[in-house]
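1. quick one: sequence plus predicted model below, questions after.
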Amino acid sequence: MKKKAKYVIIGGGISGTSIAYHLADAGENDIVLLESGYLASGATGRCGAGVRQQWGTESNCRMAKMSIDFFEKAEEILEYDGDVEFKQEGYLIVNSNDEEAALSEKNVRLQRSLGIPAEMLTAEEAKEKIPHLNTDIVHSATFCGTDGHLNPFLMTDAFYKAAKKRGVTFYTYTHVEDIVTENGAIKAVKTDKGTIECEYVINAAGGHAQKIGEMVDVDIPVFSQNREILVTEPIEKIQGPMVISFSKNIYCQQTPHGSFIMGRGDDRDAGYSVHSTWKFLDEMAKTAAGLLPPIGELRVIRQWGGLYNMSPDRQPIISGCDVNGFYMACGFSGHGFMMGPVTGKLMSEMLLGLEPSMPLEELALERFEGQDLEAYETNVV
Amino acid sequence: MRIKNHPILSFDGRETIPFYFNDKLYYGVEGDTIASALVANNVKALTSSLHLERPRGFYCAIGNCASCNMVVDGEPNVRTCITPLKKDMRVYRQKGRGRLHAKE
């Protein structure tokens, strides 16, 4: 193992590999990435794989749009020899009542002002997009045709290969045990395979970001929560767009393979468990069969859990802090995969002192100081 | 291809069950699953692989694999190895993943 590096990135998911790629692409050549399992073994490989721009805050909208712009050209930019399976068939967000529809209208106005081609649909127009939608329980919907989904494993692999080609060193199955600081600055990272002296540590540890923060006595106001997903047997294609509803608590897409992937959130204690539960299987099946009835006929192949890293305002934290050289990209609140490209770009700009691609105040750690930590991004499943 | 003499089990007096495979009339016997009746009639290819469309036959026989998924009475992906044969069933070899149909 290397004894020295300028940058040590902790976490080999979409955020870590994207940061590694963007730093290396900007000319940095002394970068090490540490991953405790295999690449994408955490939240990235467990996510619902959707990418959308229909958000309720300006920062989230901007980040999502920049990421989609990247995904559209990802194979070309990264010179990837495979297919990341990016399909832009839209996201259909279902409203259940007047109140939700009013909020959607407000969000669509914000999205359109930022160049995101979202639109309001009546229940009938929504049914034209999704013929098997149960419009009896749908008030109206919003739709954005450039939203979509892609394969998290392949996207991570694309970043990994591009970063490796640019000289980044990857250590998988390597646990970070401690971070050494001296006079309030980063000195080294201790792992179970050896110690690496470094100037910068970038915390992209996803569900475990808070624990990495504790190693340098930085209290990151995030917590992790298990969210479950299930996948059905494959069937010939019947659904293009991802269907989601905040009030009904569901997101559901049909993958290019033909299977349906769906998930929902419920009140869970904070923790690091990623176990599967009967409760989820039962509630998920009922919700899906209610909103998209024919899907109720399909058999469930398996289910799994993954960690949402929740921030107080459900927006990511892409920031430095009081410890010199310690940076973090965490608190994505379930949406780190879709923001992966912009995460890497913003973090590399921050580290290299370049002009940021978008205002960073709303993503800074300091924004929570003295705040009543109330969530204001409502568009979260 | 059936066991006729068995030291413990007896197969006498079992009713013959007519059914259709790819629109052709076949016969199974009482107690058959769809797949066992087809195998007894020397039908070996039950479905085909998704990408190269190579033939797939009787494999796990306990409903775990997808090697015997067929279209039965309009329903796709029926695990024929664990589905009892019934009179006049219409069984088709499935191509691809199967089309989801709304049940009446």
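-> Perfect, thanks for sending it. Treat the numbers as computed from the prediction; the structure is a model and nothing was measured.
2. what about the helices in the chain?
-> All of this is about chain A. Ranges of helices within chain A are A:14-25, A:43-46, A:58-77, A:98-113, A:123-129, A:152-165, A:209-214, A:278-291, A:340-352, based on DSSP state H.
3. try again with chain B
-> Counting by DSSP H, chain B has helices at residues B:34-40.
4. before we move on, the earlier item: turn the helices of chain A into CSV, columns for mean neighbour count and mean pLDDT.
-> For the C-beta atoms, the positions are set from N, CA and C on the backbone; glycine is no exception. Listed next are those as CSV, based on neighbours: other C-beta atoms under 10 Å in any protein chain shown; pLDDT from 0 to 100:
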stretch, mean neighbour count, mean pLDDT
helix A:14-25, 29, 98
helix A:43-46, 24, 97
helix A:58-77, 19, 95
helix A:98-113, 16, 96
helix A:123-129, 15, 96
helix A:152-165, 22, 98
helix A:209-214, 20, 97
helix A:278-291, 16, 96
helix A:340-352, 24, 97
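5. distance to chain B for those helices - can I get that in JSON lines?
-> Formatted as JSON lines, those follow (distance: least, C-beta to the nearest C-beta, whole Å):
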{"stretch": "helix A:14-25", "distance to chain B": "27"}
{"stretch": "helix A:43-46", "distance to chain B": "23"}
{"stretch": "helix A:58-77", "distance to chain B": "21"}
{"stretch": "helix A:98-113", "distance to chain B": "28"}
{"stretch": "helix A:123-129", "distance to chain B": "14"}
{"stretch": "helix A:152-165", "distance to chain B": "17"}
{"stretch": "helix A:209-214", "distance to chain B": "39"}
{"stretch": "helix A:278-291", "distance to chain B": "12"}
{"stretch": "helix A:340-352", "distance to chain B": "29"}
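6. ok, which of those comes nearest residue A:138?
-> For the helices of chain A, proximity to residue A:138 was assessed by C-beta to C-beta; helix A:123-129 is nearest, at 4.6 Å.
7. around chain B, pick out the residues from chain A.
-> Neighbours of chain B within chain A, by C-beta under 8 Å from any C-beta of the partner chain: A:233-236, A:238, A:258, A:293-295, A:297-299.
8. can you list the low-confidence ranges for chain B?
-> B:101-104 (pLDDT under 70).
9. so the residue in the stretch 1-150 of chain A that chain B sits nearest to versus residue A:237, what's the distance?
-> The stretch 1-150 of chain A approaches chain B most closely through residue A:132 (8.1 Å), counting by C-beta to the nearest C-beta. Distance, residue A:132 to residue A:237, using C-beta to C-beta, to the nearest Å: 12 Å.
10. just residue A:60 next, same as before
-> On the measure of C-beta to C-beta, residue A:60 and residue A:237 end up 30 Å apart.
11. do the same with residue A:21
-> 32 Å.
12. cool, residue A:114 as well?
-> With C-beta to C-beta as the criterion, residue A:114 and residue A:237 are 31 Å apart.
13. could you do residue A:349 as well?
-> From residue A:349 to residue A:237 the distance is 39 Å (C-beta to C-beta).
14. list the contacts for the most centrally placed residue in chain A?
-> Centroid check for chain A by C-alpha atoms, centre = their mean gives residue A:336 as the closest residue, at 1.8 Å. Residues in contact with residue A:336, defined by C-beta atoms under 8 Å, 6 or more residues apart in numbering or on different chains, are A:13-15, A:43-44, A:47, A:206, A:309, A:316, A:343.
15. per-residue pLDDT, residue A:268?
-> On pLDDT, residue A:268 comes in at 84.
16. count of neighbours near the nearest residue in space to it that is not next to it in sequence?
-> In this structure, residue A:268 finds its nearest non-sequential neighbour in residue A:225, 5.0 Å apart by C-beta to C-beta, 6 or more residues apart in numbering or on different chains. Neighbour count of residue A:225, defined by other C-beta atoms under 10 Å in any protein chain shown: 22.
17. which ones are touching residue A:225?
-> Residue A:225 neighbours (C-beta under 8 Å, 6+ apart): A:265, A:268-271, A:307-308, A:310.
18. ok, it to residue A:367 distance?
-> Distance, residue A:225 to residue A:367, by C-beta to C-beta: 21 Å.
19. who touches residue A:3 in this structure?
-> Residue A:3 touches A:194-197, counting by C-beta under 8 Å, 6+ apart.
20. switch the cut-off to 6 Å
-> Applying C-beta atoms under 6 Å, 6 or more residues apart in numbering or on different chains to residue A:3 gives no contacts.
21. could you do residue A:221 as well?
-> Each residue near residue A:221 by C-beta under 6 Å, 6+ apart is listed here: A:312, A:368.
22. what's across from the nearest residue to residue B:45 once chain neighbours are set aside in the sheet?
-> Once flanking residues are discounted, residue B:45 sits nearest to residue B:55: 3.7 Å by C-beta to C-beta, 6+ apart. Beta bridges link residue B:55 to residue B:48, judged by DSSP bridges.
23. do the same with residue A:4
-> Applying DSSP bridges, one finds that residue A:4 bridges with residue A:197.
24. isn't it up against residue A:198?
-> No. Using C-beta atoms under 6 Å, residue A:4 is not in contact with residue A:198, being 7.1 Å away.
25. between the two, point out the one with more neighbours.
-> residue A:198 (24 against 12).
26. surely that one and residue A:5 touch.
-> Yes. With contacts counted by C-beta under 6 Å, residue A:198 reaches residue A:5, the gap being 5.1 Å.
27. who touches both of those two?
-> Overlap of the contact sets of residue A:198 and residue A:5 (by C-beta under 6 Å, 6+ apart) is empty.
28. burial of the closest residue to residue A:85 other than its chain neighbours, as a residue count?
-> Closest residue to residue A:85 apart from its sequence neighbours, by C-beta to C-beta, 6+ apart: residue A:151 at 4.1 Å. For residue A:151, the count of nearby residues is 21 (other C-beta under 10 Å).
29. quick check, residue A:151 in contact with residue A:86.
-> No. Counting by C-beta under 6 Å, residue A:151 does not reach residue A:86; the two are 8.1 Å apart.
30. starting at the chain centroid, how far to stretch A:309-318?
-> 11 Å (C-alpha atoms, centre = their mean, to the nearest Å).
31. so for that stretch, what gets flagged as buried?
-> Residues of stretch A:309-318 classed as buried under the neighbour-count rule (16 or more other C-beta atoms under 10 Å in any protein chain shown) are A:309-318.
32. could you do stretch B:44-52 as well?
-> For stretch B:44-52, the neighbour count (16+ other C-beta under 10 Å) marks B:46-47 as buried.
33. what's the local residue count around the nearest residue to residue B:29 once chain neighbours are set aside?
-> Leaving aside its sequence neighbours, residue B:29 sits nearest to residue B:14 (C-beta to C-beta, 6+ apart; 4.6 Å). By the other C-beta under 10 Å criterion, the neighbourhood of residue B:14 contains 12 residues.
34. noted, bye for now.
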